[in-house]
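Engineer: Just to be clear, the model below is a prediction. Sequence and coordinates:
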Amino acid sequence: MTLEDLGWNDAFAAEFKPFIKKGWVPARLIRDNKITYGALLEGGKELEVIMSGKVYHDAESDAELPAVGDWVALDVGGDDEDSVIRARLSRQTCFSRKLPGKSSEEQVMAANVSVVVVVTDAGSDFNPRRMERYFMLIERSKAKAVVLVNKSDLFPDDLNQSAKEEIQALTAEADVYITSAAKNEGLEVLKKYLAPGVSITIVGSSGVGKSTLVNQLLGDEWQWTSEVNELTGKGRHTTTARELLVLEEGGILIDNPGIREVQMWTDETTLRESFADIDEIAAQCKFHDCKHGTDKGCAIRVAVESGELPHDRYESYLKLEDEVAQLKKRREKRKMNVERRAKRDHKVKARNLADRIDYEKRQRPERY
Ligand SMILES: Nc1nc2c(ncn2[C@@H]2O[C@H](COP(=O)(O)OP(=O)(O)OP(=O)(O)O)[C@@H](O)[C@H]2O)c(=O)[nH]1
Ligand SMILES: [Zn+2]
């Protein structure tokens, strides 16, 4: 597995030049364990690494900290030493979510990804507002947006077709296709985007078919390990780690829970936005903590009574906070699962991280 297989290119190489003489090596981050990172090196070797105090302190916001997909300069430790990220290379693309105006609240989901595949369907998942959100994020990231209207086998052709057209009408920048991941139909279009060194990632609601798609891309002959076949002595198709798969025909698939989480953020914003008109009415309620029930001076109630605001829409507005809370709960649960796993794996390291950075500072001050 060469560095190019992992997405390395001339621009990264040029930026890396000064680090070569320090003895550092390029590595791509494939996993964020909060305290440590999973990094892939040339040859497909995977290391658990930490960031240097300098990298941590130089970052002016969370968004500048190393993230999944980043290329870094790695100071590989000896047997009992940690491997340390000394620098992060500039990002060529950056798929992130950001609250308006607050740069510190930007959260990077995947760096250096050229194509973001959004999976949806023509049925219950179909939601142009959410799709618009995705497009906004993807456009800002500088990646190419590709949409799959999946599960085509479940819906009539004209429904699939109109879903496709409606999505296409939102932006000319995206390519939209009808697919059935389960039946392996229409997926060959993805080959157009897959080339050696090109990183893609997949987003979309839970249950829409992302894993099914990944499995189809990997195909029967794909192996999930880089083990050497004991009988033939030959290496199998190397697909490296679960989070970063190098596809045989070229292309790097980056898939992890952090990236999949974007759907929940997107849903919350979409949900809130879709009630923006009612929020405006609510702003005219007498009390700012109005529950819009029997409260005195409630503008919402007046609007419902006058027929200006349809009753069922009022009801779903009342459920809004509940729904947002549900989304948050799901997001927390997912995050906890990821963190629990990370904690279990890295308990000792976590405890010692602060000590270790201190220790390193004392041992090798010139590097800080
Ligand atoms: N009929 C049909 N079913 C599909 C298709 N793609 C996926 N499915 C089914 O939908 C279900 C969910 O698919 P997954 O691939 O696990 O969905 P996912 O997007 O990975 O879901 P999360 O892991 O929760 O994010 C499975 O039972 C799949 O077999 C399709 O094209 N057609
Ligand atoms: Zn009110």
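Structural biologist: Received it, and whenever you're ready, just let me know what you need. Ligands and ions are numbered 1, 2, ... in the order given.
Engineer: continuing past the helix or strand hosting V116, what's the next helix or strand?
Structural biologist: For V116, the host element (DSSP states H and E) is strand 115-121. Sequence order places helix 128-141 as the next helix or strand after strand 115-121, per DSSP H and E.
Engineer: so what strands line up beside whichever helix or strand comes after that following helix?
Structural biologist: Tracing the chain past helix 128-141, the next element assigned as helix or strand by DSSP H and E is strand 144-150. Sheet pairing of strand 144-150 (DSSP bridges) gives strand 115-121 (parallel), strand 175-178 (parallel).
Engineer: Show me the contact partners of strand 144-150.
Structural biologist: Contact with strand 144-150 is made by 114-122, 131, 134-135, 138-139, 160, 163-164, 167, 171, 173-181, 186, 190, 193, 208-209, 213, as judged by CB atoms under 8 Å, 6 or more residues apart in numbering. C-beta: built from backbone N, CA, C; applies to glycine.
Engineer: Mind doing that once more with 7 Å?
Structural biologist: Applying CB atoms under 7 Å, 6 or more residues apart in numbering, the contact partners of strand 144-150 are 114-122, 135, 138, 160, 163-164, 167, 173-181, 193, 208-209.
Engineer: hang on, the earlier thing: I'd like the distance from the strand holding V116 to the chain centre, please.
Structural biologist: Put simply, strand 115-121 sits 12 Å off its chain's centre (CA atoms, centre = their mean, to the nearest Å).
Engineer: Could you check the angle it makes with helix 128-141?
Structural biologist: For strand 115-121 against helix 128-141, the angle by axes from the mean of the first three to the mean of the last three CA atoms, to 10 degrees is 180 degrees.
Engineer: Buried ones among the contacts of strand 144-150?
Structural biologist: Neighbour counting with 16 or more other CB atoms under 10 Å marks 114-122, 135, 138, 160, 163-164, 167, 174-181, 208-209 as buried within the contacts of strand 144-150.
Engineer: quick one: the spatially most central residue of the chain from E15, how far?
Structural biologist: In the chain, the centroid-proximal residue (CA atoms, centre = their mean) is I259; its distance is 1.9 Å. In this view, I259 and E15 are 24 Å apart by CB to CB, to the nearest Å.
Engineer: so where is the stretch 51-200 of the chain shaky, pLDDT-wise?
Structural biologist: Confidence mapping of the stretch 51-200 of the chain against pLDDT under 70 gives the ranges 98-104.
Engineer: In it, which residue sits nearest ligand 2?
Structural biologist: R129 (24.4 Å; CB to the ion).
Engineer: Could I get the contacting residues of that residue?
Structural biologist: R129 neighbours (CB under 7 Å, 6+ apart): T270, E273, S274.
Engineer: again, only this time at 6 Å
Structural biologist: T270, S274 (CB atoms under 6 Å, 6 or more residues apart in numbering).
Engineer: For this structure, just list every one of the helices.
Structural biologist: 10-20, 53-58, 128-141, 157-170, 210-218, 257-260, 262-273, 276-282, 299-305, 311-363 (DSSP state H).
Engineer: now those in TSV, with distance to ligand 1?
Structural biologist: Output for the helices of the chain, formatted as TSV (distance: least, CB to the nearest ligand atom, whole Å):
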stretch	distance to ligand 1
helix 10-20	30
helix 53-58	31
helix 128-141	14
helix 157-170	11
helix 210-218	3
helix 257-260	5
helix 262-273	8
helix 276-282	28
helix 299-305	35
helix 311-363	10
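Engineer: Got the domain ranges for the protein?
Structural biologist: Following automatic domain parsing, one gets these domains for the chain: 4-91+346-367, 94-259, 266-339.
Engineer: Is any residue of stretch 185-194 near ligand 1?
Structural biologist: No - interface with ligand 1: stretch 185-194 contributes nothing (CB under 6 Å from any ligand atom), its closest point being 7.7 Å away.
Engineer: Distance from that stretch to the middle of the chain?
Structural biologist: That offset, for stretch 185-194, works out to 21 Å (CA atoms, centre = their mean).
Engineer: which other residues reach stretch 296-311?
Structural biologist: Residues from elsewhere that reach stretch 296-311 (CB under 6 Å, 6+ apart): I281, A282, Q284, C285, K286, C290, H292, Y314.
Engineer: Spit out the contact partners of the fourth one.
Structural biologist: If I follow you right, that is C285. C298, A299.
Engineer: And the pLDDT at it?
Structural biologist: According to the prediction, C285 has pLDDT 93.
Engineer: and the two most separated of the contacts of stretch 296-311?
Structural biologist: K286 and Y314 (17.5 Å; CB to CB).
Engineer: These two: which has the busier surroundings?
Structural biologist: Y314 (16 against 10; other CB atoms under 10 Å).
Engineer: Quickly note the distance from the spatially closest residue to the more buried one that is not a sequence neighbour to I281.
Structural biologist: Spatial nearest neighbour of Y314, excluding adjacent residues (CB to CB, 6 or more residues apart in numbering): V304 at 5.0 Å. Using CB to CB, one obtains 10 Å as the distance from V304 to I281.
Engineer: same question for stretch 201-213, mean pLDDT?
Structural biologist: Here the average pLDDT along stretch 201-213 is 90.
Engineer: Can you list the buried residues in it?
Structural biologist: Those would be T201, I202, V203, G204, S205, V208, G209, K210, T212, L213, for stretch 201-213 by 16+ other CB under 10 Å.
Engineer: So which of these belong to strands?
Structural biologist: Among these, DSSP state E puts T201, I202, V203, G204 in strands.
Engineer: Return the residues in contact with the second one.
Structural biologist: To tie it back to what came earlier, the one meant is I202. V117, K210, D255.
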